[in-house]
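> What would the 3D arrangement of this be:
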Amino acid sequence: MRHNRFRTGKRICLFALIVVGGMLLGRLLLSNFVFPVPNSGSQASMVQVIYVTRYSKCGDTATVARDIGRNRLDSLFASLSDDWSAMEERDGKMELLKTVDDWCPNHNHYRLIKMHRGHVVVFRGQSPDDEFIVRGYRELEESLIIHRETLQQLRQGILLFDEDPDQLDVLVRSYLEGITD
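All right, here's what the predicted structure looks like:
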């Protein structure tokens with residue numbers, strides 16, 4: 001029995017020696033190895049820059065957001081025109097604000113000609129909003145429009161687009177002249 005205990009004890013010691021030796025050897029071999037650690041600060045190194053453009057004539061705003069590295073903020077601020085003003089940074093977001101003394105692209109490049117309250121009305125933009133009436137034509141009453149197709153189109157609304165607002169107003173006049181002929 002002593003012989004079995006001695007062997008078992010010897011095996012345990014040998015096993016412990018291998019484990020401890022392996023740990024020491026592993027520590028020695030891996031002491032200069034750097035294990036990659038998940039970079040929890042990677043989100044903190046990014047900033048979401050939110051560009052807000054306010055259009056003074058219609059009150060609309062346009063917003064665009066972009067993520068940039070925090071280390072690029074100085075170059076971003078240096079490249080911005082004087083029109084942009086920076087708001088304070090909060091929660092990893094930087095808001096830049098610019099006010100434009102004009103109409104937004106929707107109200108600047110679109111006109112809607114529509115039958116509204118019994119007569120033809122031209123709206124600035126893509127929807128019939130009383131706040132953006134360009135002009136009402138009381139003389140173009142619904143009852144006076146004899147062409148059924150024209151009347152149906154006016155009830156649904158005729159949307160005109162042009163990048164040049166002056167040209168857009170010419171298109172509106174041209175269309176309206178076609179109704180009265």
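> contacts and neighbour counts: CA atoms only from here.
Noted.
> Can you show me the strands along the chain?
46-55, 61-69, 85-90, 93-100, 110-116, 119-124, 133-141, 158-161 (DSSP state E).
> To residue 152, which of those strands lies closest?
strand 110-116 (9.2 Å; C-alpha to C-alpha).
> just for this structure, where's the confidence low?
Scanning the chain with the threshold set as pLDDT under 70 gives 1-44, 180-181.
> Okay, domains of it per the record?
Structural domains assigned to the chain are 46-100, 106-180, following automatic domain parsing.
> Name the stretch among those domains that sits most buried.
Mean neighbour counts were taken over the domains of the chain using mean count of other C-alpha atoms under 10 Å, and the top value, a mean of 16, falls to domain 106-180.
> to the chain's geometric centre, what's the distance from that domain?
Remark: domain 106-180 is offset 31 Å from the chain centroid, using C-alpha atoms, centre = their mean, to the nearest Å.
> Now for the residue nearest the centre of the chain: which residues touch it?
The centre of the chain sits closest to residue 64, judged by C-alpha atoms, centre = their mean, with a distance of 3.9 Å. Neighbouring residues of residue 64 by C-alpha atoms under 8 Å, 6 or more residues apart in numbering: 50, 51, 52.
> Report the contact partners of the last one.
Looking back up the chat, that one is residue 52. 61, 62, 63, 64, 95, 96, 97, 98.
> and which of those is nearest to residue 115?
Using C-alpha to C-alpha, these come closest to residue 115 at residue 61, 28.3 Å.
> That closest one contacts residue 54, doesn't it?
Yes: counting by C-alpha atoms under 8 Å, residue 61 does reach residue 54; the two are 4.4 Å apart.
> Mutual contacts of the two, please.
With C-alpha under 8 Å, 6+ apart as the test, residue 61 and residue 54 reach no residue in common.
> what's the neighbour count on residue 45?
As a burial measure, residue 45 scores 12 neighbours (other C-alpha atoms under 10 Å).
> Once you drop chain neighbours, what's closest to it?
residue 70 (5.2 Å; C-alpha to C-alpha, 6 or more residues apart in numbering).
> cool, residue 102 as well?
residue 57 is the one closest to residue 102 (C-alpha to C-alpha, 6+ apart), at 5.3 Å.
> Do I have it right that the one you found meets residue 106?
No: the pair residue 57 and residue 106 fails to qualify as a contact (C-alpha under 8 Å) at a distance of 11.9 Å.
> what's the closest of the contacts of residue 52 to residue 145?
Ranked by distance to residue 145 (C-alpha to C-alpha), the contacts of residue 52 are led by residue 61 at 38.0 Å.
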